[in-house]
Each structure stands twice: as structure tokens, then as C-alpha cells.
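Novice: generate coordinates for the sequence data below:
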Amino acid sequence: MKYLNELLTPFQTVTLGTLGNNGYPFSSYAPFYYDGEVVYVFISNIATHAQNMQATPKASAFFIEDESITENMFKRKRISLQCDVTRVDRNDVLFSSIMPHFIDKQGSSTLQMLVGMSDFNLYALTPIYGEATFGFGEAYNVGGEKMNQLVPRTGKSGHK
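Specialist: Predicted coordinates:
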């Protein structure tokens with residue numbers, strides 16, 4: 001059985017889809033850390049997607065294989081997760097346990113500097129539904145007890 005942590009390891013960023021107060025979707029990207037159950041992003045309050053997630057605590061997290069990896073653009077591996085969002089308070093033990101992993105994954109001195117800036121927040125994106133596609137006829141739903149396993153599609157959507 002395939003697990004999300006194996007598939008998300010090569011990715012450094014996630015494309016976030018959030019809903020703006022004007023009712024329109026907004027997409028942008030951010031660095032992330034995945035702990036095997038939750039996708040974490042660390043972004044500034046001035047970022048549109050941070051404001052959107054604060055107003056509407058739901059987001060999509062989209063991962064897609066680089067175009068240069070495959071000759072056929074329709075075969076690009078892609079994973080889309082629909083998530084509930086919570087902000088992790090800086091005083092929460094979760095913040096201090098996640099951030100070192102986040103910094104190690106990103107390997108960035110810039111990220112280390114940003115941790116000290118009070119306008120940056122850590123958000124936890126907990127998948128409630130997801131899909132993964134790895135080319136023609138290889139499609140999965142994301143499922144399992146921790147929403148971190150790929151389940152072959154049976155033709156019925158698991159979308160809630």
C-alpha cells in the first residue's frame with residue numbers, strides 16, 4: 001500500500017487553494033512539512049492565503065510533479081488534498097515540536113530567521129479527503145484511519 005509520506009518527500013512546496021472573502025478561489029504556494037498525517041505551512045499574516053484561511057479555515061493542498069520529469073504532461077503525478085485548517089499557536093508544544101522538522105526539511109537559514117518574526121504563523125492542514133493520480137488509469141482516493149493511505153479508485157468518488 002502506498003502512503004502519502006513516501007509520495008510527498010520529494011516536494012519542497014505545496015500549492016494552496018483558499019477561498020477569498022470575495023467568494024473566489026485563490027491559489028499560491030508555500031513551503032511545507034508533512035508529518036505523516038498533517039501538512040504544515042508557515043506563512044505571513046500579510047499573505048492572501050493566510051488571511052483566507054483565518055476567515056475560512058479550509059484549504060486545498062495540491063502537489064504536482066515537475067513538468068521536466070515526464071515527457072507526457074498528462075502523466076504528471078499529482079496529489080490533491082482537501083483540508084480543515086487550524087492555526088498552531090506559538091506557545092503550543094506542537095509549534096516547538098514541528099518547527100525544527102520544518103526547518104530541517106527546507107534547509108533554509110531564511111526560514112530560521114522568519115521563525116523569529118511575529119507576523120508568521122504555522123497552520124495545520126488536516127486532510128479530510130484527497131485524490132492522487134499517477135497517469136492514465138492509475139487513480140487513487142486518499143483514505144485510511146489517518147487519511148494518509150492511497151486506496152485504488154472503484155469508480156465512485158469519495159468526495160464529501
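
Novice: so who does the closest residue in space to I98 that isn't next to it in sequence touch?
Specialist: Excluding the flanking residues, the one nearest I98 by CB to CB, 6 or more residues apart in numbering is Y40, at 5.5 Å. Backbone N, C-alpha and C define where each C-beta goes, glycine included. With contacts defined as CB atoms under 8 Å, 6 or more residues apart in numbering, Y40 is in contact with 32-34, 88, 98, 102, 122-125.

Novice: can you list phi and psi of Y40 for me?
Specialist: phi -110, psi 140 (degrees, to the nearest 10).

Novice: please report how far T133 lies from V142.
Specialist: Distance check for T133 against V142: by CB to CB, to the nearest Å, it reads 11 Å.

Novice: so which of the two has more stuff around it?
Specialist: Each of T133 and V142 had its neighbours counted (other CB atoms under 10 Å), and the higher figure belongs to V142 (22 against 18).

Novice: so which bits of the host helix or strand of the more buried one are buried?
Specialist: Here V142 sits within strand 139-143, counting by DSSP states H and E. Residues of strand 139-143 classed as buried: 140-142 (neighbour count, 16 or more other CB atoms under 10 Å).

Novice: so what does whichever helix or strand comes after it touch, helix or strand wise?
Specialist: Read in the C-terminal direction, the helix or strand following strand 139-143 is strand 149-152, with elements assigned using DSSP H and E. Using 3 or more CB pairs under 8 Å, 6 or more residues apart in numbering; DSSP states H and E, the elements in contact with strand 149-152 are helix 4-8, strand 139-143.

Novice: and if we set it to 10 Å?
Specialist: Strand 149-152 is packed against helix 4-8, strand 120-133, strand 139-143, with contacts defined by 3 or more CB pairs under 10 Å, 6 or more residues apart in numbering; DSSP states H and E.
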